[in-house]
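In: coords below, sequence missing:
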C-alpha cells in the first residue's frame, strides 16, 4: 500500500489488530474498526473479514468521527 490517505489496504498491515464492532451490530451487516500501531485506523466489512480494508490517518479519522457526532451523515 502506498501512503495515499483514505486508501485501501490489502490486509497485511492488519495482522494482529484487535477489531472492534459496535454492540448495535446484531444482523452482521456491520463494519469493524481497528487501530494500527502507527495511529492509522482500518475499517472493514464484517461480512468479508478477509476482504479489503480502508486505512485512514489520525486526522482523517477525527474528521469522520466529528462529522458523525455533528449529524453530517444523517
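Out: That came through, no problem. What you see is a predicted model, and the numbers here were worked out from it, not measured in a lab.
In: going forward, measure contacts and count neighbours with C-alpha atoms only.
Out: Will do.
In: next, the most centrally placed residue in the chain: phi, psi?
Out: Residue closest to the average C-alpha location in the chain (CA atoms, centre = their mean): residue 43, at 1.8 Å. Backbone torsions of residue 43, given as degrees, to the nearest 10, read phi -130, psi 130.
In: report pLDDT for it.
Out: Confidence at residue 43, expressed as pLDDT, is 95.
In: which element is the residue nearest to it when sequence neighbours are not counted on?
Out: Leaving aside its sequence neighbours, residue 43 sits nearest to residue 33 (CA to CA, 6 or more residues apart in numbering; 4.7 Å). In the assignment (DSSP states H and E), residue 33 maps to strand 31-35.
In: and residue 42, that's in a strand?
Out: Yes. Using DSSP: H, G, I helix; E, B strand; the rest coil, the assignment for residue 42 is a strand.
In: so it versus residue 74, what's the distance?
Out: Using CA to CA, to the nearest Å, residue 42 is found at 22 Å from residue 74.
In: of the two, who's got more company?
Out: Between residue 42 and residue 74, counting by other CA atoms under 10 Å, residue 42 is the more crowded of the two (26 against 7).
In: burial check on the closest residue to the more buried one other than its chain neighbours, number of neighbours?
Out: Nearest residue to residue 42, sequence neighbours excluded (CA to CA, 6+ apart): residue 55, at 4.6 Å. Residue 55 has 29 neighbours, counted by other CA under 10 Å.
In: strands paired with the host helix or strand of residue 55, and their directions?
Out: Using DSSP H and E, residue 55 falls within strand 53-56. Using DSSP bridges, the strands paired with strand 53-56 are strand 7-9 (antiparallel), strand 41-45 (antiparallel).
In: quick one: the last one to strand 31-35, angle?
Out: Taking axes from the mean of the first three to the mean of the last three CA atoms, to 10 degrees, one finds strand 41-45 and strand 31-35 inclined to each other by 160 degrees.
In: contacts for strand 41-45 next, please.
Out: 14, 29-36, 51-58, 61 (CA atoms under 8 Å, 6 or more residues apart in numbering).
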